[in-house]
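K.L.:
here is my input, please return the structure:
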Amino acid sequence: MRAAVFQGVGNIEVLEVGDPICGEGDVVIAVATCGVCGTDRSIFRGEYEVSTPLILGHEYSGTVVDVGSSVSRFAVGDRVVVDPNVVDDMCFFCRRGENHLCSGLSPLGVGRSGGFAEFSVVPERYLYHIPAGVSLQEASLIEPLACCVRGIDQARVTTGDVVVVSGAGPIGCLLIQLTRMAGAALIISVEPSASRHEFARRAGADVVCDPSEVSQVVKLHRGSVGADVVIEASGSLTAAQSSLDLVRRGGTVLLFAVYPQGRTVAVSPFRINEDELRVVGSLNNPSTHSRALDLVASGRVTLEGMVSHRLALEDIDLAMNLDNFSQPSKVVIDLQAS
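P.N.:
Residues are numbered from 1 along each chain as shown. The predicted structure follows:
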């Protein structure tokens with residue numbers, strides 16, 4: 001089969017490799033679509049260390065072409081979406097029911113072969129049926145949506161809240177939709193790229209502004225009190241730093257994005273204690289895939305217009321740098337177009 005194999009920093013090649021072998025508890029799928037995540041680009045740039053060679057890609061959907069002898073929930077021809085986060089079930093965290101924090105976490109596309117390939121082998125437990133009415137292409141966005149569902153759980157947005165969402169890329173816009181569903185009274189989207197402002201409005205943002213304007217916007221609507229919740233989804237260290245300045249006493253800051261390892265921001269322990277702030281992270285998608293699928297199937301969350309570029313597998317190198325695209329949103333690899 002053809003697969004995009006990461007060989008080292010700045011080097012990813014489309015090669016002919018052996019077809020995956022189906023174990024007794026495994027399912028082999030013909031990959032339809034695989035999204036290109038910021039994590040993929042971080043790996044490509046050398047900011048996130050992995051063992052090589054490796055088939056990247058962890059946001060994918062496909063059709064079952066083979067099942068192992070002990071597989072009972074799936075059959076050839078089923079349309080499925082992948083939860084890539086394979087855990088060991090034996091570590092301290094797994095045994096406490098915190099599987100997403102697994103010490104032996106080995107995600108598809110990060111710790112083992114993933115979805116930038118014609119075929120992928122996936123343990124049965126990490127697959128979900130795609131509901132009728134949800135396309136294979138839409139299903140490739142379920143993994144990032146499931147992560148966002150977890151983020152909203154962590155942010156604890158409640159009815160009537162004023163919420164700031166920093167970043168209006170695909171993830172930011174999903175978070176805006178979910179924040180609206182959670183009952184926020186006012187959603188302020190912060191995005192430096194004017195070309196993305198309309199995306200934020202379509203997702204449900206009430207106000208869209210540049211980072212240089214957000215302090216004044218919050219003051220306009222809340223005076224000196226601050227926002228109830230600030231969700232940082234841009235990955236900017238500057239935005240992470242300023243999130244603490246925007247939140248009210250007793251409020252919550254969710255650092256949702258992936259930030260460069262080893263980099264830090266200044267935090268006042270006094271303010272966190274004195275103002276009783278909640279500063280939280282959100283890792284992966286623990287038990288949120290089913291909820292994400294239900295949200296899309298019901299139409300409560302829309303994925304329409306979220307994908308801006310569909311590329312063939314042979315264009316994977318191009319996909320690793322967003323600067324190669326004009327007004328990019330979500331870039332996906334369409335294996336059916338290869």
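K.L.:
point out where this structure drops to low pLDDT.
P.N.:
Residues of the chain meeting the criterion pLDDT under 70: 328, 337-338.
K.L.:
just checking, what's the longest helix in it?
P.N.:
Counting residues, the longest helix in the chain under DSSP state H turns out to be helix 142-155.
K.L.:
what is that one packed up against?
P.N.:
In terms of contacts (3 or more C-beta pairs under 8 Å, 6 or more residues apart in numbering; DSSP states H and E), helix 142-155 is packed against strand 59-67, strand 79-82, helix 170-181, strand 227-232, strand 247-255, strand 278-281, helix 289-298. (Each C-beta comes from the backbone N, C-alpha and C, glycine too.)
K.L.:
quick one: the helices in the protein, in order.
P.N.:
For the chain, helices defined by DSSP H occupy the ranges 38-45, 136-139, 142-155, 170-181, 197-203, 214-222, 237-246, 269-274, 289-298, 316-319.
K.L.:
against His221, how distant is the closest residue to Leu318 other than its chain neighbours?
P.N.:
Of all residues not flanking Leu318 in the chain, Asn324 sits nearest, at 5.2 Å (C-beta to C-beta, 6 or more residues apart in numbering). Going from Asn324 to His221 by C-beta to C-beta, to the nearest Å gives 38 Å.
K.L.:
quick one: the helices of the chain as a markdown table, columns for distance to Glu98 and mean neighbour count too.
P.N.:
Below are the helices of the chain laid out as a markdown table (distance: least, C-beta to C-beta, whole Å; neighbours: other C-beta atoms under 10 Å):
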| stretch | distance to Glu98 | mean neighbour count |
| --- | --- | --- |
| helix 38-45 | 21 | 20 |
| helix 136-139 | 27 | 22 |
| helix 142-155 | 12 | 24 |
| helix 170-181 | 22 | 26 |
| helix 197-203 | 30 | 19 |
| helix 214-222 | 34 | 16 |
| helix 237-246 | 24 | 19 |
| helix 269-274 | 23 | 10 |
| helix 289-298 | 17 | 18 |
| helix 316-319 | 33 | 20 |
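K.L.:
for Val162, find the nearest of those helices.
P.N.:
Val162 lies closest to helix 214-222 among the helices of the chain, at 5.7 Å (C-beta to C-beta).
K.L.:
now do the closest one against strand 247-255, angle only.
P.N.:
On the basis of axes from the mean of the first three to the mean of the last three C-alpha atoms, to 10 degrees, helix 214-222 is oriented at 130 degrees to strand 247-255.
K.L.:
returning to what we had before: and the helices of the chain as JSON lines, adding distance to Val110?
P.N.:
Converted to JSON lines, these look like this (distance: least, C-beta to C-beta, whole Å):
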{"stretch": "helix 38-45", "distance to Val110": "7"}
{"stretch": "helix 136-139", "distance to Val110": "20"}
{"stretch": "helix 142-155", "distance to Val110": "12"}
{"stretch": "helix 170-181", "distance to Val110": "17"}
{"stretch": "helix 197-203", "distance to Val110": "27"}
{"stretch": "helix 214-222", "distance to Val110": "33"}
{"stretch": "helix 237-246", "distance to Val110": "23"}
{"stretch": "helix 269-274", "distance to Val110": "32"}
{"stretch": "helix 289-298", "distance to Val110": "17"}
{"stretch": "helix 316-319", "distance to Val110": "16"}
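K.L.:
these: which one's closest to Ile130?
P.N.:
helix 136-139 (4.8 Å).
K.L.:
pull the CA atoms of the closest one into CSV?
P.N.:
What follows is helix 136-139, C-alpha atoms only, in CSV (Å, rounded to 0.1, in the frame of the first residue of the first chain):
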residue,chain,number,x,y,z
LEU,A,136,-16.8,9.8,5.8
GLN,A,137,-15.3,13.2,5.1
GLU,A,138,-17.2,14.8,8.0
ALA,A,139,-16.3,11.8,10.3
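K.L.:
and it, what does it pack against?
P.N.:
For helix 136-139, the packing partners by 3+ C-beta pairs under 8 Å, 6+ apart come out as strand 26-35, strand 59-67, strand 79-82.
K.L.:
okay, the shortest one in PDB with CA atoms only?
P.N.:
To tie it back to what came earlier, the one meant is strand 79-82. Taking C-alpha atoms only, strand 79-82 is exported to PDB below (Å, rounded to 0.1, in the frame of the first residue of the first chain):
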ATOM      1  CA  ARG A  79     -18.200   2.900   7.900                       C
ATOM      2  CA  VAL A  80     -16.100   3.800  11.000                       C
ATOM      3  CA  VAL A  81     -14.200   6.600  12.700                       C
ATOM      4  CA  VAL A  82     -11.100   6.100  14.800                       C
END
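K.L.:
ok now that strand, how far from the chain's centre?
P.N.:
16 Å (C-alpha atoms, centre = their mean, to the nearest Å).
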